[in-house]
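A.B. asks: I'd like to go over a predicted model; first the sequence, then the structure.
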Amino acid sequence: MVYEVEAPKYVRLAQTIQRRIEDGTYPPGTRVPSENQLVQSFGMSRPTVVRALELLKRDGWLESRQGFGTIVRGRPAAAEEKDRRGREALERDESRTPGRLVEVGEVPVPARVASALGLPKGAKVLMRRFLVEEEGEAVELVSSYFPAALVDGTELASSEALGGSLRDHLESRKKVRFDHVTERVSARLPEAGEAGLLGIPDGVPVLSLLVVACDAAGQALQVSDVLLPADRQELEDTYRLS
């Protein structure tokens, strides 16, 4: 069972504005649409829009300038650090990472992954599952899924650990370009095989970080489900209060 709470509306709106800043729709130095325009464009209430803008100002994406309104600052340096876990999953070199490749093969696409890849229920995808270890202890189980159309002409189906990242491999072999990532965090009880690989007892949940990597058009190229034993994790963030 997966326990996943959808992000609040203001957070989802803030994430949409972030993506528009990153793709150049709202370039640095320009004004973002007015509150009225955002209310009309996204069909959200004014308090939701105001809260989203305040969140983006707090995190350094936007700033208020007297006489100019709300101005785009661009992607803050701190945001690069917060993306570290998802980027690691995409850019990990299997041949140089402590651990082992435990499974490679065609599998029915899991429901959460199907939604991200835009595939129907029961469709087949290629899965590469890698167990990351530190000093002989399993610390992370990464299951990466690829649509069949991206597998032909690559070494993704190889049972050997690949040199370089899976991202680099796809970009060089299929001439695609990874553009942005969406991360979704949830908690669930692991399947028996997952629990066995991670070495956790019955009843201990895992944190699931679903990393959806897309091209500039928003088409998902790779989805990685990163499982972390919940009893060994501590999430921490530090930020200023206005």
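C.D. replies: Yes, it's here. Numbering: from 1, shown residues only.
A.B. asks: Nearest spatial neighbour of L150, chain-adjacent residues omitted?
C.D. replies: Distances taken as C-beta to C-beta, 6 or more residues apart in numbering place K174 nearest to L150, at 5.8 Å, with adjacent residues excluded. To be clear about C-beta, it is placed using only N, CA and C from the backbone, and glycine gets the same treatment.
A.B. asks: count of residues packed around the one you found?
C.D. replies: Other residues near K174 come to 17 when the count uses other C-beta atoms under 10 Å.
A.B. asks: heads up, I number from 13, so please use that
C.D. replies: Renumbered: residue one is now 13, and that last one reads K186.
A.B. asks: Quick check: it touching T166?
C.D. replies: Yes: using C-beta atoms under 8 Å as the test, K186 is close enough to T166 to be in contact (6.7 Å).
A.B. asks: separation between P40 and H181?
C.D. replies: 32 Å (C-beta to C-beta, to the nearest Å).
A.B. asks: Compare the two and say which one has the larger neighbour count.
C.D. replies: H181 (16 against 12).
A.B. asks: Shouldn't that one be within a strand?
C.D. replies: No: assignment of H181 by DSSP: H, G, I helix; E, B strand; the rest coil gives helix, placing it outside any strand.
A.B. asks: Output the contacting helices and strands for the host helix or strand of L68.
C.D. replies: If you go by DSSP states H and E, L68 is part of helix 58-70. For helix 58-70, the packing partners by 3 or more C-beta pairs under 8 Å, 6 or more residues apart in numbering; DSSP states H and E come out as helix 21-34, helix 47-54, strand 74-77.
A.B. asks: Can you list the neighbours in contact with that helix?
C.D. replies: For helix 58-70, contacts defined as C-beta atoms under 8 Å, 6 or more residues apart in numbering pick out 21-23, 25-26, 29-30, 44, 47, 50-51, 54, 74-76, 82, 251-252, 254.
A.B. asks: in it, what counts as buried?
C.D. replies: By 16 or more other C-beta atoms under 10 Å, the buried positions in helix 58-70 come out as 60-61, 63-65, 67-69.
A.B. asks: so what secondary structure elements neighbour the strand or helix carrying L162?
C.D. replies: Element membership for L162, per DSSP H and E: helix 160-163. With contacts taken as 3+ C-beta pairs under 8 Å, 6+ apart, helix 160-163 sits against strand 136-146.
A.B. asks: Show me what the strand it packs on packs onto, helices and strands only.
C.D. replies: strand 111-120, strand 149-159, helix 160-163.
A.B. asks: what's the closest of those to G211?
C.D. replies: Of all these, strand 149-159 sits nearest to G211, with 5.2 Å by C-beta to C-beta.
A.B. asks: Direction included, what does that closest one pair against?
C.D. replies: Here strand 149-159 has these sheet partners by DSSP bridges: strand 136-146 (antiparallel), strand 232-241 (antiparallel).
A.B. asks: Run the angle between it and strand 111-120 for me.
C.D. replies: With axes from the mean of the first three to the mean of the last three C-alpha atoms, to 10 degrees defining the directions, strand 149-159 sits at 40 degrees from strand 111-120.
A.B. asks: Cool, thanks, talk later.
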